[in-house]
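Colleague: What follows is a predicted structure for the sequence shown.
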Amino acid sequence: MKYIIFLSLLILFHSCTHKSGEPTPPNIVIIMTDDQGYQDLGCFGSPDILTPHIDQMAREGVIFTDFYAAQPVCSASRAALLTGCYPNRIGVHGAYMPNSKKGLNPSEVTIAEMLKEIGYTTAIFGKWHLGDAENMMPGRQGFDEYFGIPYSNDMWPYHPEQGPVFDFGPLPLYHNEQIIDTLTDQSNLTQQITQRSVDFIHQQSDRPFMLYVAHPQPHVPLFVSDQFKGKSKRGLYGDVIMEIDWSTGQIIKALKDNHLDQNTLVLYTSDNGPWLSYGDHAGSASPLREGKGTAWEGGQREPTILYYPSKVKGGRTIHTPMMNIDVLPTIAELTGAELPNQTIDGKSMWQLWTGEEIEHPHEAYYFYYKTNELHGIRYKNWKMYFPHEYRTLNSKEGGRNGLPVSYEYNTLDKIELYNLQGDISEMYNVADDHPDVVDTLTLLAQQMRERLGDKLLNIEGTENRAAGRAKPSSF
C-alpha cells in the first residue's frame, strides 16, 4: 500500500513539473458546444441521452449550475468567452453571416494571445464564427493552429430534407488560413475535430498549451458518424450528443495517457441554449424557460463542468452565478498571465472555483441582446427583465425531422422579477412584492447603460469599442 501511494505521488509530481524540475504552467482545454440545451447531459438530468464520459468528468470535477453565456447567440457568445468582455462592449452582435466584412477586432486580446505571451502553444479545432475575412481569422487572434469551419454549419446550401436556407456556396473547411476542402457532408467532422485535438495533446505534451475545441454540433443541421448513428433513445439529436460525449472522453484519455490530466484545466460549456423551433432536432432547456435567442434562463444558462484534479476538489456542485466573460481573467490568475490593457468585464472566479468563501466579485450580470438592447439583469438570486420583445413558441411543439416551425413574438410591457432560488423556471413574477429589489436592480442597470448603452432607451454608451472590419482584399 505504501508503495502504491508513493508511486501515485510520484506520477502527480511528474505531471506537474518540467523535465528541469520547475513547476509546469497548467494546460488549458475549453470545450464549447453549439446550441446545446441545459438538460442535454446525464449529469444535468437528461432522461434519455447517455453521456458517461462527461458524467465521469463531472463526478471528478465540479458542476456549475448557474453558468451563463454572455449572449444567447453564436458570435457574440464566443467573443465574450475569448475576450472577457460583454460582446456589445467590443461591437460584436448576433451571428455573423459569410462575407459579413465584420468580426472580432484584431486589437482585442483573446485568451490565446494572452497565453502566447507567456509561452503557450495554442490551437482551435472546430467553429470560429468571429469573422471570416483574412485579417480576422484565428491565426490573427493568437492561435497557432486552426482546423474547422469559419461560421455556423447551416450557412451552406445542403440542408437535408428542407433544401437551401443559406446559399453561400459549399461550406469551407480550413486548416490555418487555407481552405483544404468544401463540405457537402459533415458526418465525420466531429471525429476529425476530435482526432486533431488528441494529436495536438500528444504533440504538445512537454510544453504548456491552450486547446479550444469548438464543436459545430448540435447546431442544425445535425450530423453524426456511423459509429453513433441510431445509438440514442433521443433520436438523431441524442446520437450527436453521445458523439460529443465520446469526443470529450477521448480528450480526457489523451491527457491521462500523457500524464497531463492533473495539470490541465478542462472547461466544458455551450455557446447558448437550444434552438427550440427545430423540435426533435433541438435540445432541451428543461426546467428553464425558453431557449436560444432570448435572455430567459433557457437561452443563456449553460450546462458547464470544470475538471482540474490537482487544484480543484471534485465531486462538488457550485450554484454561484458565473458567466463566460469570467473565463479569461480566471485563466490569467491561474497562469500568471497579464490581463489585457483594454477594459474587460469579467472577473477571476478562481477562489470561488476552489471553494473559498469570498464575496462575489461581480455586483451583477447584464443580459444584452440584439444590437445593444439590455433585456435583463441577474443580481444574487434575482433575475429582472426590462420591457422588450422576445421570440417564443408559446407552448406549441417544435418542428420535426430538421424542419423548424415559426416563432411567435411576445412583448414584456413592464418590468418582471423572478427569484431563481425557488423559481428556476421563471413562472412567478414577484416585481410587485419586492419594490426594493426592483429599485436596486434598476439603478445598477442604469449605471451599466451609461457605460455600454441601451438601444431600447436610445442611450449611447461611453465605453463601447468598434468591431473589426475586413480589409478590402480579404475576400
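Modeller: The structure has been received and is ready for your questions. Computed from a prediction, not measured in an experiment: that's the story for all the values here. Numbers count the residues shown, from 1 in each chain.

Colleague: wait, Pro457 sits on Met448?
Modeller: Quick fix: residue 457 is Leu, not Pro. No: between Leu457 and Met448 there is no contact under C-beta atoms under 8 Å: 11.7 Å. Just so you know, the C-beta spots here come from the backbone N, C-alpha and C atoms, and that holds for glycine as well.

Colleague: neighbour count winner among the two?
Modeller: Summary of the neighbour comparison: Leu457 and Met448, criterion other C-beta atoms under 10 Å, with Met448 having more neighbours (22 against 13).

Colleague: ok, that one to Leu417 distance?
Modeller: Note on Met448: its distance to Leu417, by C-beta to C-beta, to the nearest Å, is 17 Å.

Colleague: and for Leu457 and Met448, which residues touch both?
Modeller: Contact with both Leu457 and Met448 is made by no residue, according to C-beta atoms under 8 Å, 6 or more residues apart in numbering.

Colleague: quick one: low-confidence parts of this structure?
Modeller: Low-confidence segments of the chain, defined by pLDDT under 70: 1-23, 157-168, 473-475.

Colleague: The same query, at a cut-off of 50, please.
Modeller: With pLDDT under 50 as the threshold, the chain has low-confidence stretches at 1-13, 15, 19-20, 163-164.

Colleague: Mind naming the longest helix for it?
Modeller: helix 235-257 (DSSP state H).

Colleague: which strands and helices sit next to it?
Modeller: Applying 3 or more C-beta pairs under 8 Å, 6 or more residues apart in numbering; DSSP states H and E, we find helix 235-257 packed against strand 27-33, helix 52-60, helix 189-203, strand 209-214, strand 264-270.

Colleague: residues in contact with the helix or strand where Thr317 lies?
Modeller: Taking DSSP states H and E as the definition, Thr317 sits inside strand 316-318. Strand 316-318 is contacted by residues Val62, Ile63, Phe64, Thr65, Asp66, Leu352, Trp353, Gly355 when judged by C-beta under 8 Å, 6+ apart.

Colleague: Please look at the third one and Tyr307 and confirm they touch.
Modeller: No: with the criterion set as C-beta under 8 Å, Phe64 and Tyr307 do not qualify as a contacting pair; they are 11.6 Å apart.

Colleague: List the contacts of Ile459.
Modeller: With contacts defined as C-beta under 8 Å, 6+ apart, Ile459 is in contact with Arg449, Glu450, Gly453.

Colleague: how about a cut-off of 10 Å?
Modeller: By C-beta atoms under 10 Å, 6 or more residues apart in numbering, the residues touching Ile459 are Asn372, Leu374, Gln446, Met448, Arg449, Glu450, Arg451, Leu452, Gly453.

Colleague: wait, the fourth one sits on Tyr86?
Modeller: This means Met448. Yes: between Met448 and Tyr86 a contact is recorded at 8.9 Å, counting by C-beta atoms under 10 Å.

Colleague: Overlap in contacts, the two.
Modeller: Where contact means C-beta under 10 Å, 6+ apart, the residues bridging Met448 and Tyr86 through contact with each are Asp345, Tyr365, Tyr366, Tyr368, Glu463.

Colleague: which stretch of helix or strand covers the third one?
Modeller: Just to be clear, that refers to Tyr366. Per DSSP H and E, Tyr366 falls inside strand 365-369.

Colleague: Mind exporting the C-alpha coordinates of that strand to PDB?
Modeller: The C-alpha coordinates for strand 365-369 follow below in PDB (Å, rounded to 0.1, in the frame of the first residue of the first chain):
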ATOM      1  CA  TYR A 365     -24.500  40.300 -14.600                       C
ATOM      2  CA  TYR A 366     -26.200  42.100 -17.500                       C
ATOM      3  CA  PHE A 367     -28.100  40.400 -20.300                       C
ATOM      4  CA  TYR A 368     -27.800  42.300 -23.600                       C
ATOM      5  CA  TYR A 369     -29.100  41.000 -26.900                       C
END
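
Colleague: Does anything pack onto that strand? Which helices or strands?
Modeller: Using 3 or more C-beta pairs under 10 Å, 6 or more residues apart in numbering; DSSP states H and E as the contact criterion, the neighbours of strand 365-369 among helices and strands are strand 62-68, helix 297-300, strand 322-323, strand 373-379, strand 382-385, helix 435-452.

Colleague: In three-state terms, label Ile325 for me.
Modeller: Per DSSP: H, G, I helix; E, B strand; the rest coil, the secondary structure class of Ile325 is helix.

Colleague: quick one: contacts for Gln36?
Modeller: Residues near Gln36 by C-beta under 10 Å, 6+ apart: 44, 215, 217-219, 237, 240-241, 244, 268-274, 282-285, 292, 302-303.

Colleague: Tell me the secondary structure at the closest residue to Cys74 other than its chain neighbours.
Modeller: Counting by C-beta to C-beta, 6 or more residues apart in numbering, Ala95 is the residue found nearest to Cys74 once chain neighbours are left out, at 4.2 Å. Per three-state DSSP, the local secondary structure of Ala95 is coil.

Colleague: any idea how far Asn372 is from Ala445?
Modeller: For Asn372, the distance to Ala445 under the criterion C-beta to C-beta works out to 13 Å.

Colleague: any common contacting residues for those two?
Modeller: Common contacts of Asn372 and Ala445, defined by C-beta under 10 Å, 6+ apart, comprise Asp454.

Colleague: circling back to that earlier point, the strand holding Thr317: which residues count as buried?
Modeller: Of all the residues in strand 316-318, those buried under the rule 16 or more other C-beta atoms under 10 Å are Ile318.

Colleague: and what of stretch 131-144?
Modeller: When neighbours are counted by 16+ other C-beta under 10 Å, the buried residues of stretch 131-144 are found to be 131-133, 135-144.

Colleague: contacting residues for Ile241?
Modeller: When contacts are counted by C-beta under 10 Å, 6+ apart, Ile241 is found next to 33, 36-37, 40-42, 46, 49-51, 54, 217-218, 222, 224, 228, 232, 234, 283.

Colleague: Name the nearest residue to Gln217, sequence neighbours excluded.
Modeller: Setting aside the residues directly before and after it, Gln217 is nearest to Val240 in space (C-beta to C-beta, 6+ apart), at 5.0 Å.

Colleague: Tell me who's in contact with the one you found.
Modeller: Contacts of Val240 by C-beta under 10 Å, 6+ apart are 33, 36, 40, 49, 190, 215, 217-220, 222-225, 228-229, 232, 234, 281, 283.
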